[in-house]
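K.L.:
Okay, sequence plus prediction incoming.
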Amino acid sequence: MQKIVAVTACPTGIAHTYMAAEMLEKAGKKLGCKVIVETNGSVGVENRLKEADIKEAVAVIIAADARVEMKRFDGKALIEVSVSQGIKNASKLVEDALNGKYGVYSHSK
């Protein structure tokens, strides 16, 4: 089973962070892949992505309107969108990830 990792975050870190996480996870199930989501909410980082999960993932989806630690995603296929796009377009984001439509992220210091 293919795996995608995602990070969701919004400035207040309440509803939108968790709504986007839920929508991405549901989209993954519907499309037959596993989506593991790290949330950066009002209580801090929950379900921090493991290095192995990032390494195994075919792509990374960042659905955030707040700062996300990006260095760990260097060399991965990645897209960055607003948290609202993570809610509204979760299925398309996951589908595009599975179809290899995202460019490779390069972290510069």
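P.N.:
Alright, I've got the coordinates.
K.L.:
Name the spans of this structure whose pLDDT lies under the cut-off.
P.N.:
Within the chain, the ranges that satisfy pLDDT under 70 run 13, 109.
K.L.:
For it, which segments are assigned as strands?
P.N.:
Taking DSSP state E, the strands of the chain run over residues 3-9, 34-41, 44-46, 59-64, 78-81.
K.L.:
okay, those in JSON lines with distance to Ala20 next?
P.N.:
In short, each C-beta sits where N, CA and C put it, glycine included. Listed next are those as JSON lines, based on distance: least, CB to CB, whole Å:
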{"stretch": "strand 3-9", "distance to Ala20": "4"}
{"stretch": "strand 34-41", "distance to Ala20": "8"}
{"stretch": "strand 44-46", "distance to Ala20": "13"}
{"stretch": "strand 59-64", "distance to Ala20": "5"}
{"stretch": "strand 78-81", "distance to Ala20": "9"}
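K.L.:
Of the ones you listed, give the one that comes closest to Asn99.
P.N.:
Distance to Asn99, taken as CB to CB, is lowest for strand 59-64 among those, at 9.5 Å.
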